[in-house]
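**Student:** here are the coordinates; sequence isn't available:
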């Protein structure tokens, strides 16, 4: 297993378009997290899954954002009607239940023009 | 409100000397504290952690100190190496069962040869 994988690495989209990102966690990890990082800031928690169940969503996650983890393996994060303020690095992380050590992917950098 | 703060955006040290990175937090309910290292175009990489029941944890050149009464932790790197040049994030976890991480804004460390 090569770690947490995210696709695509970069995405440029026009305002108003929908985008979808994918995350493949470490295979035995049952927890999966999404974070967002903007310039000069640390990552901010968006949401997390325990297996296929989405257990918590940050208030940062507006109605335009939706995340899924249909079979408890990979996850997708979709942003509808993108806005310039959505431009950021979207990071996925995975961990074992009860472990604080989360392993991060390389992120997807979104630019909304 | 920023629950985890890294007040020094940057730090420059000479190779072979000690690097000390500082972090303050406001929530006494945090159970664990972690340091992550981030190179450009990569996701954060776990470095070292400490439980709130300890005051020191050491791993090779890296030592983390926790002062609960002051709500302060620090990361010491001795001796510093040019390859340590990166952005270091302090994070806190454990307020609830999610183990989501609350990050500081990061300190950019430059180790000069």
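**Tutor:** Yep, that arrived. Just so you know, these numbers come straight off a predicted model, no measurement behind them.
**Student:** so where do the strands sit in the chain?
**Tutor:** You didn't pick a chain, so chain A it is. Applying DSSP state E to chain A gives strands spanning A:5-7, A:10-13, A:19-24, A:31-37, A:44-50, A:53-57, A:65-68, A:75-79, A:88-95, A:103-104, A:108-112.
**Student:** that answer is for a different chain, and I need it for chain B
**Tutor:** All strands of chain B, identified by DSSP E, fall at B:4-5, B:10-14, B:19-25, B:32-38, B:45-51, B:56-59, B:62-67, B:72-77, B:86-93, B:102-103, B:107-112.
**Student:** partners of the fifth one, with directions?
**Tutor:** It stands for strand B:45-51. Sheet partners assigned to strand B:45-51 using DSSP bridges are listed as strand B:32-38 (antiparallel).
**Student:** For chain B, what lies in contact range of chain A?
**Tutor:** B:4, B:6, B:9, B:31-32, B:34, B:36, B:41-46, B:49, B:89, B:91, B:93-94, B:98-106 (Cβ under 8 Å from any Cβ of the partner chain). Yep, even glycine has a C-beta here, placed from its N, CA and C like the rest.
**Student:** Closest residue of chain A to chain B?
**Tutor:** Chain A approaches chain B most closely through residue A:42 (3.0 Å), counting by Cβ to the nearest Cβ.
**Student:** re the thing from before, want to throw the strands of chain A into JSON lines with distance to chain B?
**Tutor:** Output for the strands of chain A, formatted as JSON lines (distance: least, Cβ to the nearest Cβ, whole Å):
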{"stretch": "strand A:5-7", "distance to chain B": "8"}
{"stretch": "strand A:10-13", "distance to chain B": "10"}
{"stretch": "strand A:19-24", "distance to chain B": "11"}
{"stretch": "strand A:31-37", "distance to chain B": "6"}
{"stretch": "strand A:44-50", "distance to chain B": "4"}
{"stretch": "strand A:53-57", "distance to chain B": "5"}
{"stretch": "strand A:65-68", "distance to chain B": "14"}
{"stretch": "strand A:75-79", "distance to chain B": "15"}
{"stretch": "strand A:88-95", "distance to chain B": "6"}
{"stretch": "strand A:103-104", "distance to chain B": "3"}
{"stretch": "strand A:108-112", "distance to chain B": "9"}
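**Student:** Make TSV from the ones you listed and add mean neighbour count and mean pLDDT to it.
**Tutor:** Listed next are the strands of chain A as TSV, based on neighbours: other Cβ atoms under 10 Å in any protein chain shown; pLDDT from 0 to 100:
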stretch	mean neighbour count	mean pLDDT
strand A:5-7	17	97
strand A:10-13	14	98
strand A:19-24	19	98
strand A:31-37	24	96
strand A:44-50	21	95
strand A:53-57	14	93
strand A:65-68	17	96
strand A:75-79	20	98
strand A:88-95	24	96
strand A:103-104	21	96
strand A:108-112	18	97
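**Student:** How about chain B: which residue is closest to chain A?
**Tutor:** Distances between chain B and chain A by Cβ to the nearest Cβ are smallest at residue B:103, namely 3.0 Å.
**Student:** And the contacts of stretch B:9-21?
**Tutor:** Stretch B:9-21 is contacted from outside by A:40, B:6, B:8, B:35, B:74-82, B:84, B:88, B:90, B:105-113, using Cβ atoms under 8 Å, 6 or more residues apart in numbering or on different chains.
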